[in-house]
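> okay, structure incoming, though there's no sequence with it:
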């Protein structure tokens, strides 16, 4: 960390900052410059809280230098993490496709969609049993009944299943049925839930919060890893911006940036970012072209009758073509490899 | 709701939309225009989900007309809600000031600050016992020990206390000690927690999510009211924007807008929006000038030694002057009342 | 347009709105609903200004239904516009690659880069002669000398050249040298410049403003078309959001959305959105996968010595590999065509 | 500036950065830390361009330490600038109120409004003659005829007048009539226009761009000051965010932040941020409470018939009450002065 002093800061103010730094067990190294003095904070164990110094007299600003995360960082662990879910390997070198309806509505619906996405080549099945809804009056999911349907889908199709958990209360229940447990956007900083996920034996898919920076997102993953669960998959799903033509703005630069900063796999959910299937399809392809390790996309056999998110659900035949396109794009990397300084 | 058709939509596509509307028990009213047809959706009970129609062939867009919230809306209940906490009345006609440290650090610290803010005229005491922290390595609060200290503060100073609850697991514990329970920004759409708050007998302060629209915020309050708890105080605390000179951007237009849309009281927390005390003070005054029903502000007797958020904590003597300034601004409204079309 | 009345609006207030609508030569059609009345505005010529009705007593909100643009819209002209620049065709069915340095620094630099990008397959050369810079103290470009160098590049390589114009004063000068004139992000709503571009005989590339909605962007293009110049290419270059790991957030959903709304070609500039070459490369591929009609990317033969934007400039060998990757992705669409309801 | 190296950066990479820094005439000072090396850049004349170092091998990030602006900064000139317009003094210690219609529509309209705002105590009159409009089909202002009307208003009421200039072509014309020339939001980074304003003898009001950081805004003012014109007034008018209930989000923290960073006066325009008069009034009061040096607000004698922005224009009787409220709030600072560490 670097504490930058005001142009007119006095020696006394500088000394007071140095003292405050050393009182907290760090080493202070003043760096006099032409216009102002800056004070480096060294030997800190983990990140230092800027707020400790920001309000001291003569301090202009406090600039973090070290990243706040540790276990999730690529500097800590250079080798990529590969998360295994059933027979699938999520991470560097693979393109994993997770598909299925927004919500599990019935056994018939789930089975019909599962068969179609499996035929098209999907590797995992998704479907919500507990649905976070903006309105208390909207369909909230089938609950445990939905989980049982997911278990049947896995049994009959062989596809591992992913589903969302909304609270600690139901965590054990969800984890018992799911092959990978999803923590949703609105819970990305539900720290109690993250701690619970840290104790799970199941892989966790952690969606990015609606206005989370990458630092905050990786810190949320750090909560899970710090609890002992190293099987974390990150999922970019769009962030909230001023833009109105799509529900959220998909931030694809997150893919290469996360790959540089972290060893964890990162996949992309274009459905929630887009909100309409006409936008979902190009964004799904774009995510593959950005070298995401996978895609999670909503598919419904009868979108017009879906209980939620029909407008963004792909028709099965669209999904089948999309699968072919994505595979073709994925093969590009092998045919035309980029020289190794790709992240510079 | 209004379903707007493409310019070139066929009669068959229009009929299909009409049929889809009526299948869900609503009445469809096509409105032919010069360039395109729009179809009104009438007799809906509560809000209709745009996603049901957005993906149908020939549909250009779907525009919500009715607001999605009900119990919280001023159309449903024109009279303002006044929330009583101890001897304080939060709502129209009052200016309630909540002050205290970010976190309860010790009995000595809490008592010292409580006495100073009480002397300056604060009506409630705030202090965190369970702290939501971005990093798992940061100070997480004293937990139940912190709650016990808050109870002592109330006992000795007479100030009612407000503190945050982070999960359902600790809700009963927190509610036993607190006079008002706070749901934080990161939990604004933790729907399980909102449902639990709906069953509480204690008033709930609901902070706005970091990127929540007012609709989403009021829908979160709707979850609490729908559960049976009508004692909800909204708290604007800044939203995330591209702006970098302050931690968040305080959205003061939320105050008059919420007052128009809802009967619930709304207060403002300038501390978390600003991040530095030099910004907190003017924003606190601005919130009063915007006719917020109250202010929640962080005060610390020794900000340089605070375990969290020291840079944004006011010195007690600043807080005392701020109190005098805020009272003076509040009296302006009585001296110079605006003609009654203030919300037009 | 739809004027939505308050729940408690009186008949007199409704009548006043009807009268206000008809005074402006439109037809008003009240639509009584269960909870409130809405009033449709019909027979308007072009878009109606919401502000005319928003402040009338009893009006809750005003919702635009018709899009404000006309000449640029696909409803007005269903066939795609193909913009010809030299031997290049920009628009549906093509992938045009524009490459070159941020700024023209010298004849040697420009020629060296031009030869390399031409060899790799670029179709146009880019390079700034007049540079918009945040600071008055930064390198502002070579001016007319830069334009002369661009002309030499075209002469010797055969590549048509694109360069930015910053003001009306230099428009005639720039247009004399350039094959396509670029209007930059900061000038997207410089309406005087747009009107001047409307009178030009040269194609215009219009970059999206840093926080422009698509409506505003298309309206800016409408200014150019309304002046008589139909050769407009739109260029998405990222928008400003809270995100900090990249300079801007590339909004790739703009590509399919613009293709649906407008007949104008749309290309993508990943360099300015990303700010670092490690992010530029995946975003360039992603733009092709989203079916942009082209890419504009910064390349420099010696990025470490570039006078501006070195960090985001590709090395020539990276660009060559990127070209191969982009071509391979582009071919995907022909091999696996999506069924025709792609924009639904 | 601080160049932060990767954890695994080699000594050779560090040396290469040091060499690149020194090649540009600065001094490099490596600061070895526990986890990584950072390299300070000293003796730079003015700001250093991060892009020069960001792309070098082994560089993780580049952190600016010195602010990029100079002439506008309070470190350069500690004493506040007071801008005189007619008999008005805009700056520290004053509250200047600028009022009038969005656009000058006719002599009768302008005079009627001018008399009313003068009676209520406004110090300057505003009114647009050249209007920047999103649509080429909207009312674009009366042009020179509007300027002549403004001159008559000044002659008859004694109020100095403020009006917008949209391009260099009309600058001489506008400056001949106006007492203060306004540069609008969309032109904040029209650098050619800023340079022209730098040569003007008239004070310039520079509105903040729709998504401009404070640094960018102050750099735009630097362009004007660098040209020789020191009479610059900054005007906060709201920034674009995800928020939808108001047109823009007024960023009141800009007021104390700018006062700390710069000696230039800063006023606030609540009308364009709010978009509806019910929001304008509380935001105007809030701006005064945040210690802005002035307010610019739209007033119309017949808002329902205004040619533009009627919904956000105050009725004259609202404006009169608002004036009384703002004066009362302004007096608060004298009655209850904050101890001098207000910006700490």
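Everything's here; your move. Here the structure is a predicted model, which is why all the values come from computation and not from measurement.
> any idea how far residue A:253 lies from residue B:1?
35 Å (Cβ to Cβ, to the nearest Å). Yep, even glycine has a C-beta here, placed from its N, CA and C like the rest.
> scratch that, residue A:59 is what I was asking about
53 Å.
> go on, residue A:153?
Between residue A:153 and residue B:1 the distance is 34 Å, computed by Cβ to Cβ.
> same check on residue A:169?
Using Cβ to Cβ, residue A:169 is found at 35 Å from residue B:1.
> stretch A:319-336 and chain C in contact?
Yes: part of stretch A:319-336 sits near chain C under the criterion Cβ under 8 Å from any Cβ of the partner chain, namely A:321-322, A:324-325, A:328-329, A:332-333, A:335-336.
> buried subset of the residues you listed as a PyMOL selection?
Filtering these down to the buried ones (16 or more other Cβ atoms under 10 Å in any protein chain shown) takes a single PyMOL command:
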select buried, chain A and resi 321+322+324+325+328+329+332+333+336
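> quick one on the thing from earlier: who has more neighbours, residue A:169 and residue B:1?
Shown here are residue A:169 and residue B:1; by other Cβ atoms under 10 Å in any protein chain shown, residue B:1 has more neighbours (21 against 14).
> the closest residue to residue A:193 other than its chain neighbours: neighbouring residues, count only.
Of all residues not flanking residue A:193 in the chain, residue A:187 sits nearest, at 5.4 Å (Cβ to Cβ, 6 or more residues apart in numbering or on different chains). Neighbours of residue A:187 under the rule other Cβ under 10 Å: 29.
> got it, and the one 10 residues further on?
Other residues lying near residue A:197 total 30 when counted by other Cβ under 10 Å.
> SS state for the closest residue to residue A:70 other than its chain neighbours?
The spatially closest residue to residue A:70, leaving aside those adjacent along the chain, is residue A:76, at 5.6 Å (Cβ to Cβ, 6+ apart). Secondary structure, DSSP: H, G, I helix; E, B strand; the rest coil: residue A:76 is coil.
> for residue A:76, give its distance to chain C.
Distance, residue A:76 to chain C, using Cβ to the nearest Cβ, to the nearest Å: 19 Å.
> swap in residue A:276?
To chain C, residue A:276 is 8 Å away according to Cβ to the nearest Cβ.
> thinking that residue is in contact with residue B:54, fair?
Yes: because the distance of 6.2 Å satisfies Cβ atoms under 8 Å, residue A:276 is recorded as touching residue B:54.
> so for these two, which residue has more residues nearby?
Neighbour comparison, residue A:276 and residue B:54: the larger count goes to residue A:276, with 24 against 21 (by other Cβ under 10 Å).
> hang on, residue A:55 packs against residue B:280?
No: using Cβ under 8 Å, residue A:55 is not in contact with residue B:280; the gap is 10.4 Å.
> between the two, what contacts are shared?
Shared contacts of residue A:55 and residue B:280, defined by Cβ atoms under 8 Å, 6 or more residues apart in numbering or on different chains, comprise residue B:312.
> which one of these two has more residues nearby?
Higher neighbour count among residue A:55 and residue B:280: residue B:280, with 30 against 25, using other Cβ under 10 Å.
> with adjacent residues omitted, what lies nearest to the more buried one?
Counting by Cβ to Cβ, 6+ apart, the residue nearest residue B:280 is residue B:274, at 4.5 Å.
> which residues touch the one you found?
B:238, B:246-247, B:250, B:280, B:283, B:312, D:253.
> and residue A:204, how many residues sit next to it?
Neighbour tally, residue A:204, other Cβ under 10 Å: 26.
> give me phi/psi at it?
phi -120, psi 130 (degrees, to the nearest 10).
> these two touch, right, it and residue A:227?
No: the pair residue A:204 / residue A:227 is not scored as a contact, 10.2 Å apart, by Cβ under 8 Å.
> overlap of the contact sets of these two?
Shared contacts of residue A:204 and residue A:227, counting by Cβ under 8 Å, 6+ apart, come down to residue A:197.
> which residues of the stretch 1-150 of chain A lie near chain B?
A:20, A:46-47, A:49-56, A:68, A:132-138.
> just the ones of those residues in helices?
A:20, A:51-54 (DSSP state H).
> which of these count as buried?
Burial by neighbour count, judged by 16+ other Cβ under 10 Å, picks out A:20, A:51-54 from these.
> would JSON lines of these with distance to chain D and pLDDT be doable?
Listed next are these as JSON lines, based on distance: Cβ to the nearest Cβ, whole Å; pLDDT from 0 to 100:
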{"residue": "A:20", "distance to chain D": "14", "pLDDT": "88"}
{"residue": "A:51", "distance to chain D": "13", "pLDDT": "76"}
{"residue": "A:52", "distance to chain D": "15", "pLDDT": "79"}
{"residue": "A:53", "distance to chain D": "12", "pLDDT": "84"}
{"residue": "A:54", "distance to chain D": "10", "pLDDT": "83"}
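> between these, which sits nearest residue A:125?
Of all those, residue A:125 sits closest to residue A:51, with 44.9 Å by Cβ to Cβ.
> how many residues are close by the closest residue to that closest one other than its chain neighbours?
The spatially closest residue to residue A:51, leaving aside those adjacent along the chain, is residue B:311, at 4.5 Å (Cβ to Cβ, 6+ apart). Neighbour count for residue B:311, taken as other Cβ under 10 Å: 26.
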